[in-house]
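**Student:** Next come a sequence and a model predicted from it.
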Amino acid sequence: MSKHKVFISYHHGNDKAYKEEFEEFYCAFLDSCISRSVGSGDIDDNLSDEEVREIIRDEYLKNSTVTVVLVGKETYKRKHVDWEIYSSLYDGIQNKRSGLIGVLLPTYPDLEDNKYNSTTIPPRLYDNIQTKYAKIYKWDDFVLNCEDYIDEAYKRKNNYSYKTDLSRPRFKQNRSGNR
């Protein structure tokens, strides 16, 4: 199995421990990926939204092949997660589209009977699960099969019969509320 350049999108305030656990296991222990993630403090908070989007796209997502979205209790509210998914799916001249996977973390509130609530996962992730471009897994299952799932997402990205959905407007700010 080949090594993939994986971008990890997550809620920096709530889910950093899961991001670090994934990187430690998948990238370091299995040596199966090169992490392309944005860490807390990597991007200046005083930059404009457009400058932040450009840095994410041009410096972190550049050359990544698969984006893994770690979905916790408030991930769906985060504008940066929405921007990262959008940039991952945009098939540009310089940066090609990436495969896309959602991972429901143990902190995800509505996880019962292996189901998720479409209003409490990132909307753009949900749109692309509906088109079958993306898939979503529970954390426990994902960590056991992450190499296979990431490789499958990589193969889907190269199969243009799977359509991406970028029709939703990008978030202008973080969301508030319960759904």
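**Tutor:** Yes, it's here.
**Student:** Would you mind listing the outside residues contacting the helix ranked longest in the chain?
**Tutor:** Longest helix in the chain, counting residues (DSSP state H): helix 139-157. For helix 139-157, the external contacting residues (Cβ atoms under 8 Å, 6 or more residues apart in numbering) are 1-2, 4, 6, 18, 22, 25-26, 30, 32-33, 65-66, 68, 96-101, 103-106, 133-135, 137, 162. In short, each C-beta sits where N, CA and C put it, glycine included.
**Student:** Buried ones in that helix, by neighbour count?
**Tutor:** 139, 142-143, 146-147, 149-151, 153-154, 156-157 (16 or more other Cβ atoms under 10 Å).
**Student:** Among the contacts of helix 139-157, which are located in helices?
**Tutor:** Short answer: the contacts of helix 139-157 in helices (DSSP H) are 18, 22.
**Student:** Just the buried subset of the contacts of helix 139-157, written out for ChimeraX, thanks.
**Tutor:** In ChimeraX, this line selects whichever of these come out buried by 16+ other Cβ under 10 Å:
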select :4,6,18,22,26,32,33,65,66,68,96,97,98,99,100,101,103,104,105,133,134,135,137,162
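**Student:** Spatially nearest residue to residue 163, not counting backbone neighbours?
**Tutor:** residue 131 (5.1 Å; Cβ to Cβ, 6 or more residues apart in numbering).
**Student:** Could you pull up the contacting residues of that neighbour?
**Tutor:** Counting by Cβ under 8 Å, 6+ apart, residue 131 has contacts 162-165.
**Student:** re the thing from before, want to throw the buried residues of helix 139-157 into JSON lines with pLDDT and distance to residue 57?
**Tutor:** Below are those laid out as JSON lines (pLDDT from 0 to 100; distance: Cβ to Cβ, whole Å):
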{"residue": "139", "pLDDT": "94", "distance to residue 57": "27"}
{"residue": "142", "pLDDT": "92", "distance to residue 57": "25"}
{"residue": "143", "pLDDT": "88", "distance to residue 57": "28"}
{"residue": "146", "pLDDT": "88", "distance to residue 57": "24"}
{"residue": "147", "pLDDT": "87", "distance to residue 57": "26"}
{"residue": "149", "pLDDT": "94", "distance to residue 57": "24"}
{"residue": "150", "pLDDT": "92", "distance to residue 57": "21"}
{"residue": "151", "pLDDT": "92", "distance to residue 57": "24"}
{"residue": "153", "pLDDT": "95", "distance to residue 57": "19"}
{"residue": "154", "pLDDT": "93", "distance to residue 57": "19"}
{"residue": "156", "pLDDT": "93", "distance to residue 57": "21"}
{"residue": "157", "pLDDT": "91", "distance to residue 57": "16"}
